[in-house]
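Participant: sharing a model prediction with you, sequence too.
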Amino acid sequence: MVLVVLDHDGSKLRKASLEALTRARQLAEALGEKVAGVLLAEGPAPVEEARGYVEVLYVAELGPYTAEKWAAALLEAAKGGAKAIVAPSSRQSRTYLGRVAYALKAGLLEDTLESAAEGGMVHATRYAYLNRVTQRQRAPLPVVLTVKPNTTPLAEPLGTQGEVIPLAVPPVPTVEILERVQEERKGVSLAEANVVVTGGRGMGSPEAFKGVEELAALLGGAVGATRAVVDAGWRPYAEQVGQTGKTVQPSLYIALGVSGAVQHLAGMNKSKFIVAVNKDPEAPIFKHADYGIVGDVHQVLPALIQAVKRLKD
């Protein structure tokens, strides 16, 4: 059996889950195994949607998230003899999958770009050293593997409804959650966006980000920010792209007033197409851009917005 963790937002599966499902199916085919889904939830979960992708779906409603509870539930599902566990790579998965790998005495392959099974081993690749190097790794079965977002085709539904099996999770000692303050998200999730429009310190002020928001909305994308912008309090940390923020790999990355510090490049330099706008022709970002515009971002950005509006009309 190959288990796949299906992340969701309470009402629908996340895009990253469908990528993980594709990888799980590939491994299962190579190993001669079946795929089973695991749906872990604090409350309501998209059970009906999820069971359309797998033959068997394990479901557990666990209350407020803790690494201990999520690990215990996944280990309960793995008692059926899981040879591999596949999950979307995220900050949350990093907090509990290490516990799962340790308990199963399994290899842990994180943030993988591609993977394959051969001769009782799972081979995978991942980026390292600020995304400048691609590493090849391998680990014997059983293995726990996470899938880097925006690297894998999305899985299609099976056309049938799988069996739903509730998980009986034993009580585990855990931290008690007293309160949670969650920032409201608007628009597309940065981690899942196919288009990311990022503003840097060159935007000049937090008010200037209204143009960034407008362009991102027109393109159906998400807003990103550099660390300098976040440190200045202009944008929330949830939008930070870079080594100490989120790593994104969209089809289109637009960098507005971004100089291109190495820490920022580590979070976006594997984007399919990079468009940079900066008034400094020597800005490092231009060395990585597919298309560069040397000019005042306050003049170029409105022109880009108008051009996109004309194309949409």
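Facilitator: Yep, it's here.
Participant: so for stretch 37-54, what gets flagged as buried?
Facilitator: Within stretch 37-54, the residues scored as buried using 16 or more other Cβ atoms under 10 Å are 37-41, 45-47, 50-54. (Glycine included, C-beta is placed from N, CA and C.)
Participant: contacts for that stretch?
Facilitator: 3-6, 8, 10-13, 18, 21, 35-36, 56-65, 70, 73-74, 77, 155, 157-164, 167 (Cβ atoms under 8 Å, 6 or more residues apart in numbering).
Participant: okay, and which of those residues map to helices?
Facilitator: In helices, defined here by DSSP state H, the members of the contacts of stretch 37-54 are 18, 21, 70, 73-74, 77.
Participant: any idea how far residue 30 is from residue 23?
Facilitator: Here the criterion is Cβ to Cβ, to the nearest Å. By it, residue 30 lies 11 Å from residue 23.
Participant: mind listing what the closest residue to residue 99 other than its chain neighbours touches?
Facilitator: Once flanking residues are discounted, residue 99 sits nearest to residue 71: 4.0 Å by Cβ to Cβ, 6 or more residues apart in numbering. Going by Cβ under 8 Å, 6+ apart, residue 71 touches 96-97, 99-100, 103.
Participant: that older thread, so which of the ones in helices among the contacts of stretch 37-54 would you say is closest to residue 246?
Facilitator: The shortest gap between residue 246 and any of these belongs to residue 18, at 19.2 Å (Cβ to Cβ).
Participant: per-residue confidence for that closest one?
Facilitator: For residue 18, the model assigns a pLDDT of 96.
Participant: bridging residues for residue 277?
Facilitator: Using DSSP bridges, the bridge partners assigned to residue 277 are residue 256, residue 293.
Participant: so who does it touch?
Facilitator: 254-257, 292-293, 295, 297, 300-301, 304.
Participant: residue 80 and residue 40: what is the separation?
Facilitator: Computed as Cβ to Cβ, the residue 80 to residue 40 distance reads 16 Å.
Participant: do the same with residue 16
Facilitator: To residue 40, residue 16 is 14 Å away according to Cβ to Cβ.
Participant: repeat that for residue 190.
Facilitator: Separation of residue 190 from residue 40 (Cβ to Cβ) stands at 22 Å.
Participant: for residue 103, which three-state class applies?
Facilitator: Assigned state for residue 103: helix (three-state reduction, DSSP: H, G, I helix; E, B strand; the rest coil).
Participant: list the contacts for the closest residue to it other than its chain neighbours?
Facilitator: Spatially, and ignoring its direct neighbours in sequence, residue 103 is nearest to residue 75 (5.6 Å; Cβ to Cβ, 6+ apart). Residues counted as contacts of residue 75 (Cβ under 8 Å, 6+ apart) are 100, 103-104.
Participant: one more: residue 298?
Facilitator: Going by Cβ under 8 Å, 6+ apart, residue 298 touches 204, 208.
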